[in-house]
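Asker: Provide a 3D model corresponding to the input given below.
(one chain, ligands or ions: 2)
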Amino acid sequence: MRMPDEIEIDRPDDWHLHLRDGAAMTDIVHLSARQFARAIIMPNLTSPVVTTEQAIEYRARILAALPPDSDFTPLMTLYLTDRTTPEEISRAHSSGAIAACKLYPAGATTNSDSGVTDIARLSPVLEAMQRADLPLLVHGEVTDPEVDIFDREQRFIEARLQPMVAEFPGLRIVFEHVTTAEAVDFVREGPDTLAATVTAHHLLFNRNAILAGGIRPHYYCLPVLKRERHRQTLLKAATSGHPRFFLGTDSAPHSLGDKQTACGCAGVFSAHAALECYAQAFEEAGELDRLEGFASHHGADFYRLPRNARKVRLRRESWQVPAQYPFGDGRLVPLGAGESMRWRLID
Ligand code: DOR
Ligand code: ZN
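Answerer: Ligands and ions are numbered 1, 2, ... in the order given. Here you go, the predicted structure:
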């Protein structure tokens, strides 16, 4: 079948994004604002965003860092800790400023030290979220050091997520950045309150990208890339038209120095070419016409927000990804640095 040379879709949103703060944020936020109308902003700053007040202040810093003509809308989240109270959830809800709360199991990933140590003790907070109809966003990996890093997502499903879904049938839950066939099955077979985001890098790469022929830290993220069988399952789910799978880049910038070191940080930066990467993946699956649902409709519908009004266009046109971007005091190596992309987002 002949593929089109240009596609036009409703303006997409990024339902999982790390923007950081300060000068580093200022250097990168325009890249997401060019691609997306809205984004769910992750709260794992060095000092995490744990109160509504902090989220409102962070939102003001994001808006101030945007290019003057941008209408990009940051959707703010709270970071759940052992000390989060049901009262904080009520404040979040009545402020109208908080779109969701994020659950990081303590120690699961970047800046998750203040995360939740015992999910069972979070019940009053989850009940309050269920009452307020505030979605719960979950980093779904167990942190037990005994569990193999490649099995941590799968183990989280049985040990934590399944019980949570059963205990809170009215709570909307997003299983963030799913990476395994087990996670895809769990979401597909789950209730309408359960959805998943899928990153572009997990659709395009398997674990060989990190480890075969040399160690490539810029492909290291959490949850870590899995084997090809899982990538194929993710690709099928994302391109199936199923309304509970949607776009979340998990674009997570770290400076070159923090990546290329003896103990490098987890995170793939993809905001510079997010839609182009997804288009490439959907084209590989022969399902380009399903890109719009995944990128522009399913997430908005799940979050019960209006779909975006304007359109964006992608053209089949090759362009070269820069080797680096400025990033505060440092530099940032983007996904596909120096390589050529097949699709181009037209301004
Ligand atoms: O690779 C990742 N990077 N995974 C996460 O869960 C966090 C993120 C980050 O903030 O750097
Ligand atoms: Zn993330």
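
Asker: which strands and helices sit next to the longest strand along the chain?
Answerer: The longest strand of the chain (DSSP state E) is strand 311-320. Using 3 or more CB pairs under 8 Å, 6 or more residues apart in numbering; DSSP states H and E, the elements in contact with strand 311-320 are strand 6-10, helix 274-284, strand 340-346. Every C-beta, even on glycine, is put in place using the N, C-alpha and C of the backbone.

Asker: Please enumerate the strands of the stretch 201-347 of the chain.
Answerer: Secondary structure of the stretch 201-347 of the chain (DSSP state E, counting those that start in this stretch): strands located at 245-247, 311-320, 325-327, 330-332, 340-346.

Asker: Would you mind confirming that Asp192 makes contact with Ile173?
Answerer: No: the criterion here is CB atoms under 8 Å, and Asp192 misses it with Ile173 at 10.9 Å.

Asker: Name the residue in these two with the higher neighbour count.
Answerer: The neighbour comparison of Asp192 against Ile173 (other CB atoms under 10 Å) goes to Ile173, with 25 against 9.

Asker: Per-residue pLDDT of the more buried one, please?
Answerer: Note on Ile173: pLDDT of 98.

Asker: re earlier: of all the strands of the stretch 201-347 of the chain, which one is nearest Ala60?
Answerer: Minimum separation from Ala60 across the strands of the stretch 201-347 of the chain (CB to CB) falls at strand 325-327, 21.6 Å.

Asker: Can you list the strands that the closest one pairs with?
Answerer: Looking at strand 325-327 with DSSP bridges, its partner strands are strand 330-332 (antiparallel).

Asker: Pull out the buried positions in the partner strand.
Answerer: Across strand 330-332, burial judged by 16 or more other CB atoms under 10 Å covers Gly330, Leu332.

Asker: ok, now stretch 132-142?
Answerer: Buried residues in stretch 132-142, counted by 16+ other CB under 10 Å: Ala132, Leu134, Pro135, Leu136, Leu137, Val138, His139, Gly140, Glu141, Val142.

Asker: Looks like Phe282 contacts Glu292 (just checking).
Answerer: No: Phe282 lies out of contact with Glu292 (CB under 8 Å); the separation is 9.7 Å.

Asker: picking that back up, save the strands of the stretch 201-347 of the chain as TSV, and put in distance to ligand 1 too.
Answerer: Formatted as TSV, those follow (distance: least, CB to the nearest ligand atom, whole Å):
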stretch	distance to ligand 1
strand 245-247	16
strand 311-320	25
strand 325-327	13
strand 330-332	12
strand 340-346	22
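
Asker: Rebuild these as CSV, extending it with mean pLDDT and distance to Thr46.
Answerer: Compiled in CSV, the strands of the stretch 201-347 of the chain are given as follows (pLDDT from 0 to 100; distance: least, CB to CB, whole Å):
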stretch, mean pLDDT, distance to Thr46
strand 245-247, 99, 27
strand 311-320, 98, 33
strand 325-327, 98, 15
strand 330-332, 98, 15
strand 340-346, 97, 31
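
Asker: Name the stretch among those that sits most buried.
Answerer: strand 245-247 (a mean of 27; mean count of other CB atoms under 10 Å).

Asker: Strand partners (parallel or antiparallel) of that one?
Answerer: strand 194-198 (parallel).

Asker: chain center to the strand it pairs with: distance?
Answerer: Strand 194-198 has its C-alpha centroid displaced from the chain centroid by 10 Å (CA atoms, centre = their mean, to the nearest Å).

Asker: list the contacts for the closest residue to Glu284 other than its chain neighbours?
Answerer: Leaving aside its chain neighbours, Glu284 sits nearest to Leu235 (7.2 Å; criterion: CB to CB, 6 or more residues apart in numbering). Going by CB atoms under 8 Å, 6 or more residues apart in numbering, Leu235 touches Leu203, Ala281, Glu284, Ala285.

Asker: which parts of the stretch 1-150 of the chain sit against ligand 1?
Answerer: Residues of the stretch 1-150 of the chain found near ligand 1 (CB under 6 Å from any ligand atom) are His18, Asn44, Thr109, Thr110, His139.

Asker: out of those, which one sits closest to Pro334?
Answerer: Among these, and counting by CB to CB, the member closest to Pro334 is His18, at 13.7 Å.

Asker: distance of the closest one from Ala159?
Answerer: Separation of His18 from Ala159 (CB to CB, to the nearest Å): 26 Å.

Asker: the more surrounded of the two?
Answerer: Shown here are His18 and Ala159; by other CB under 10 Å, His18 has more neighbours (24 against 13).

Asker: ok, which stretches of the stretch 201-347 of the chain are helices?
Answerer: Taking DSSP state H, counting those that start in this stretch, the helices of the stretch 201-347 of the chain run over residues 208-211, 228-238, 256-259, 274-284, 291-292, 298-303.

Asker: For ligand 1, tell me whether the first one is touching it.
Answerer: If I follow you right, that is helix 208-211. No: using CB under 6 Å from any ligand atom, helix 208-211 stays clear of ligand 1, coming no nearer than 11.7 Å.

Asker: How about residues contacting that helix?
Answerer: Arg216, Pro217, Tyr219, Tyr220, Val224, Leu225, Glu228.

Asker: related to what we said a few turns ago, now the buried members of the contacts of Leu235.
Answerer: Buried among these by 16+ other CB under 10 Å: Leu203, Ala281, Ala285.

Asker: Does the second one touch Leu204 like I think?
Answerer: Just to be clear, that refers to Ala281. Yes: checked against CB under 8 Å, the pair Ala281 and Leu204 is within contact range at 5.4 Å.
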